[in-house]
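Trainee: any chance you can model this:
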Amino acid sequence: MTDVTVWYDGACPLCRREISIMRGLDRGGAIRFVDLSSLAPTDCPADRSALLQRFHAMEDGRMLSGAAAFAAMWRAIPVLRPLGIAARRPWVLRLLERCYLQFLRVRPVLQRLAGGVER
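Mentor: Residues are numbered from 1 along each chain as shown. Next up is the predicted model:
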């Protein structure tokens, strides 16, 4: 099983909910979840604002963002692994990335509805 590190926005109620679900599914502890809101800027592996604007994960030493980062996280969770493996196909990853970009457009509205902050 691949070890994966995921960086998330702990100040975002949507992100916290999603990570809570993923933690529950990650029964083997294959994912290291890192809350960016509690890190010092010097502890961030990349520019903090870039990490907060898109979902990021590291798999096998490679930094990934967007749909590719989600796919890496899914591959580490047995129940989601088939979706993560499917995302290795370029056309599937392109489709997932398009969906992710659409989500990013509505994310500020969803955050407001959830009582969070807008970035």
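Trainee: every contact and neighbour count from this point should use C-alpha atoms.
Mentor: OK.
Trainee: quick check, Leu52 in a helix?
Mentor: Yes. Under DSSP: H, G, I helix; E, B strand; the rest coil, Leu52 falls within a helix.
Trainee: all strands for the chain, in order.
Mentor: For the chain, the strands defined by DSSP state E cover 4-8, 31-35, 56-59, 62-65.
Trainee: looking at those strands, which is nearest to Met22?
Mentor: Counting by C-alpha to C-alpha, Met22 lies closest to strand 31-35 out of the strands of the chain; the figure is 9.0 Å.
Trainee: describe which strands that closest one pairs with in its sheet and in which direction.
Mentor: Its sheet considered, strand 31-35 pairs with strand 4-8 (parallel) by DSSP bridges.
Trainee: what comes into contact with the strand it pairs with?
Mentor: When contacts are defined by C-alpha atoms under 8 Å, 6 or more residues apart in numbering, strand 4-8 is touched by residues 15-16, 19, 30-36, 51-52, 55-60, 69, 72-73, 76.
Trainee: filter the residues you listed to the buried ones?
Mentor: 15, 19, 30-36, 51-52, 55-59, 69, 72-73, 76 (16 or more other C-alpha atoms under 10 Å).
Trainee: quick one: low-confidence ranges for this protein?
Mentor: 1-2, 40-43, 115-119 (pLDDT under 70).
Trainee: which helices and strands sit right next to the longest helix along it?
Mentor: Longest helix of the chain, by residue count under DSSP state H: helix 90-113. For helix 90-113, the elements it packs on are helix 13-25, helix 67-75, judged by 3 or more C-alpha pairs under 8 Å, 6 or more residues apart in numbering; DSSP states H and E.
Trainee: could you rerun that using 10 Å?
Mentor: In terms of contacts (3 or more C-alpha pairs under 10 Å, 6 or more residues apart in numbering; DSSP states H and E), helix 90-113 is packed against helix 13-25, helix 67-75, helix 81-86.
Trainee: kindly export the second one (C-alpha atoms) in CSV.
Mentor: Taking only C-alpha atoms (Å, rounded to 0.1, in the frame of the first residue of the first chain), the coordinates of helix 67-75 have been written out as CSV:
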residue,chain,number,x,y,z
ALA,A,67,-8.1,15.6,-9.3
ALA,A,68,-4.7,13.8,-9.3
ALA,A,69,-4.4,14.5,-5.6
PHE,A,70,-7.8,13.1,-4.9
ALA,A,71,-7.0,10.0,-7.0
ALA,A,72,-3.9,9.4,-4.9
MET,A,73,-5.9,9.6,-1.7
TRP,A,74,-8.5,7.3,-3.1
ARG,A,75,-5.9,4.7,-4.1
